[in-house]
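**Q** have a look; sequence and predicted model below, questions after that.
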Protein chains: 2
Amino acid sequence: MKKLDNRISIGFQALDELASVLRQPAVSQVFVLVDSNTVQHCYPLVKAYLPEHTLVEIPAGEEHKTLASCDSVWCRLTEKAADRFAVVVNLGGGVVTDLGGFCAATYKRGIRFVQVPTTLLAQVDASVGGKTGIDFLGFKNQIGVFQEPAGVFIDPRFLTTLDGRQLKSGYAEVVKHWLIADAEAFAFQRHAGVVVEDWTDIIRASVATKQHIVEADPLESGLRKVLNFGHTVGHALESYLLQQPGREILHGEAVAAGMVCEAWLSAQRGMLSAQELEQIEVFLFSVFEKVQFVTLETAVIAQLALQDKKNSGTTINCTLLDGIGKAVYDQPVPVAEITEALRYYHRL
Amino acid sequence: MKKLDNRISIGFQALDELASVLRQPAVSQVFVLVDSNTVQHCYPLVKAYLPEHTLVEIPAGEEHKTLASCDSVWCRLTEKAADRFAVVVNLGGGVVTDLGGFCAATYKRGIRFVQVPTTLLAQVDASVGGKTGIDFLGFKNQIGVFQEPAGVFIDPRFLTTLDGRQLKSGYAEVVKHWLIADAEAFAFQRHAGVVVEDWTDIIRASVATKQHIVEADPLESGLRKVLNFGHTVGHALESYLLQQPGREILHGEAVAAGMVCEAWLSAQRGMLSAQELEQIEVFLFSVFEKVQFVTLETAVIAQLALQDKKNSGTTINCTLLDGIGKAVYDQPVPVAEITEALRYYHRL
């Protein structure tokens, strides 16, 4: 199986580059995976750049990031007799890029896929790092593989298709990248706020931070875990609320809450000053609404954090901040302290 | 994720070595995957060698090499909160080793698994080479990944649990290894026949042949395709008959028929002499019964070969023999000629 260029293209030229990659002779068939949102709002912007292709649609939403959706994608690939030189173009947010990547990585033991992320979250996070996967029994990304895409094409114009809540959800990962690796950007941006004219530079810096970390540790044996900052508590919160109809929150909203909790845990250990903790809280609450839950639920949510991929046995290994702009991974935190952190957040 | 020893152990000491590997401190939990046959006939032989573990059972048979079986395995791993340091022990034939390998390779983006193959087929073929997968929509191994097991433990004593038909099925892959890479062994064995006292040496030589080829080309971009000898026609035949209740044949039986067809294709191209073709036919028919189909079915079976993973567009790339003991891959064969080959076989 020949490689396409293993490139990341960010900016208004990205779709032109996608077009030229898909027209290579080593590509036998092109499949474009969309969801019920991106087929309406994004596919029309991309269509002109695509060679002849088969459109494959899955329903939109995290609740469809399932084996059943994979089944339907694999069916279409099989029906169309996709061979090992076929390419899957994943056009959508994190659900489409993660699920489409997993389907391609496992179809006939792996065909190539390219990511065309259409949400800020997918642009700065999901499409970089080779993580693919689906949810299972309520656990996020429980089934998946590590597989790098053959290319990532990020056009900031897609962001105009998002509502404010979706845009902010992605912004949480941008903030995370500042908090774990770029104190200067955080200092600058916490005054500038979330209103941005051209996202290109912010995306580029955020992708560069993530790429730098992922390249040093592709299989998450060490350093890469710093990217989990905010995610131990965030994932647990997200999983918990996902199972409660009407209470679902977006990934970034969960991560923002998780970052407050984990910053508090860092402060408890004297790794973060009270002033830094306050800066983080003030900034995050200026962008994100507070996630609603009651004190009684905190212990159950903390228990869910135990099932997180990064834990061994009964210890919860968290990534904490050692000052703004520096993260340390594998910090053991007892479940009871996760509960405490959630209670702290609840009282804010 | 720490590696276990990436070893292959063949002989009566294999289970002792399995035991010592599973007792390493880097192993948090052990899961043993069996099917409804191996739980009866093989698990009792292995049990004493295992540390505390969770037994996971799937129904026996190729018709259960499905996503539904994976679902049940992933459920058990999730229920038991298997973390990234858990190990899955696949105890069974090719269905268990392929499916269990796939489940482990995709659970939390990959946990370790070891293969304890209990059929001759799995011992000389399925457990070496890192291919994992399941069937989908009637296509064999349509969904899967390449992932090396953390260890392979082959005890020839398991072969006493097999009936003659199962044993012969595995023998087809042994013969294939001779035909593509070991003319001397073929010359010797075609006089000796299939009655064997101690399989250890035959298994060891066969595994060595396969390993040698796989190591030179782990992702099947070239050389490894020689291992597909007999499989283009064989897989098509197997898939076709699998969908017809009462006509199912074993993998090795299909491959034996496929080898006759593909040897004939080689002879048609002057790559194999008439005498060599006859030697192959006489030997294979002395071991395997003829696979039954009617002339009218040959075109449909040939069409199925097109959907094989190794093909691009409408060309069927076959591995053919350039004399006994030497194989050449990517030999284009028109579908009509596959039909001819099946008709030749039918007339024999």
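**A** On my side now, so go ahead.
**Q** mind saving the C-alpha coords of stretch A:31-40 as PDB?
**A** Only the C-alpha atoms of stretch A:31-40 are listed here, as PDB (Å, rounded to 0.1, in the frame of the first residue of the first chain):
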ATOM      1  CA  PHE A  31     -15.100   7.500  -0.300                       C
ATOM      2  CA  VAL A  32     -16.300  10.600   1.500                       C
ATOM      3  CA  LEU A  33     -17.700  10.100   5.000                       C
ATOM      4  CA  VAL A  34     -20.000  12.800   6.300                       C
ATOM      5  CA  ASP A  35     -22.700  13.000   9.000                       C
ATOM      6  CA  SER A  36     -26.100  14.500   8.700                       C
ATOM      7  CA  ASN A  37     -24.800  17.900   9.600                       C
ATOM      8  CA  THR A  38     -21.600  18.100   7.500                       C
ATOM      9  CA  VAL A  39     -23.400  16.700   4.400                       C
ATOM     10  CA  GLN A  40     -25.500  19.900   4.600                       C
END
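**Q** that one - what's its average pLDDT?
**A** For stretch A:31-40, mean pLDDT is 97.
**Q** can you check stretch A:281-290 too?
**A** In this model, stretch A:281-290 has an average pLDDT of 94.
**Q** distance from it to the middle of the chain?
**A** 20 Å (CA atoms, centre = their mean, to the nearest Å).
**Q** what comes into contact with that stretch?
**A** A:168, A:171-172, A:175, A:186, A:190, A:193-194, A:252-253, A:256-257, A:259-260, A:263, A:345, A:348 (CB atoms under 8 Å, 6 or more residues apart in numbering or on different chains). Heads up, the C-betas are built off the backbone N, CA and C, glycines and all.
**Q** now restrict those residues to buried residues only.
**A** Neighbour counting with 16 or more other CB atoms under 10 Å in any protein chain shown marks A:168, A:171-172, A:175, A:186, A:190, A:252-253, A:256-257, A:259-260, A:263, A:345 as buried within those.
**Q** narrow the residues you listed to those in helices?
**A** Judged by DSSP state H, the buried ones among the contacts of stretch A:281-290 include A:168, A:171-172, A:175, A:186, A:190, A:252-253, A:256-257, A:259-260, A:263, A:345 as members of helices.
**Q** what secondary structure does A:Val196 sit in?
**A** Going by DSSP: H, G, I helix; E, B strand; the rest coil, the secondary structure assigned to A:Val196 is coil.
**Q** so it sits against A:Ile202, correct?
**A** Yes - at 6.3 Å, A:Val196 counts as touching A:Ile202 under the criterion of CB atoms under 8 Å.
**Q** what do these two both touch?
**A** Shared contacts of A:Val196 and A:Ile202, defined by CB under 8 Å, 6+ apart, are absent.
**Q** tell me the residue of the stretch 151-300 of chain A that sits nearest chain B?
**A** Nearest residue of the stretch 151-300 of chain A to chain B (CB to the nearest CB) works out as A:Ser221 at 6.5 Å.
**Q** hang on, that residue is in a helix, isn't it?
**A** No - read with three-state DSSP, A:Ser221 is coil and lies in no helix.
**Q** report pLDDT for it.
**A** For A:Ser221, the predicted pLDDT is 81.
**Q** okay, now it: neighbour count?
**A** 11 (other CB atoms under 10 Å in any protein chain shown).
**Q** again, but for A:Leu45
**A** By the measure other CB under 10 Å, the count of residues near A:Leu45 is 18.
**Q** element containing it, please.
**A** A:Leu45 belongs to helix A:43-46 when assigned by DSSP states H and E.
**Q** please work out the average pLDDT along that helix.
**A** Per-residue pLDDT over helix A:43-46 has a mean of 96.
**Q** shouldn't A:Met271 be in contact with A:Ile324?
**A** No - contact between A:Met271 and A:Ile324 fails when scored by CB under 8 Å: they sit 10.6 Å apart.
**Q** between the two, which has more neighbouring residues?
**A** Taking neighbours as other CB under 10 Å, A:Met271 and A:Ile324 compare with A:Ile324 leading, 24 against 18.
**Q** quick check: phi and psi at that one.
**A** Main-chain dihedrals, A:Ile324, degrees, to the nearest 10: phi -70, psi 130.
**Q** equivalent analysis for A:Arg269, please.
**A** Taking degrees, to the nearest 10, you get phi -90, psi 10 for the backbone angles of A:Arg269.
**Q** ok now the helix or strand where A:Val282 lies, how far from the chain's centre?
**A** Of the helices and strands defined by DSSP H and E, A:Val282 is found in helix A:274-287. Its chain's average C-alpha position is 22 Å from that of helix A:274-287, according to CA atoms, centre = their mean.
**Q** output it as PDB, nothing but the C-alphas.
**A** What follows is helix A:274-287, C-alpha atoms only, in PDB (Å, rounded to 0.1, in the frame of the first residue of the first chain):
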ATOM      1  CA  ALA A 274      -3.500  30.400  44.200                       C
ATOM      2  CA  GLN A 275      -3.100  33.300  41.700                       C
ATOM      3  CA  GLU A 276      -2.500  31.000  38.800                       C
ATOM      4  CA  LEU A 277      -5.500  28.900  39.800                       C
ATOM      5  CA  GLU A 278      -7.600  32.000  39.900                       C
ATOM      6  CA  GLN A 279      -6.400  33.200  36.400                       C
ATOM      7  CA  ILE A 280      -7.300  29.800  35.000                       C
ATOM      8  CA  GLU A 281     -10.700  29.800  36.600                       C
ATOM      9  CA  VAL A 282     -11.500  33.400  35.600                       C
ATOM     10  CA  PHE A 283     -10.500  32.800  32.000                       C
ATOM     11  CA  LEU A 284     -12.400  29.500  31.700                       C
ATOM     12  CA  PHE A 285     -15.600  30.900  33.200                       C
ATOM     13  CA  SER A 286     -15.400  33.900  31.000                       C
ATOM     14  CA  VAL A 287     -15.700  31.500  28.000                       C
END
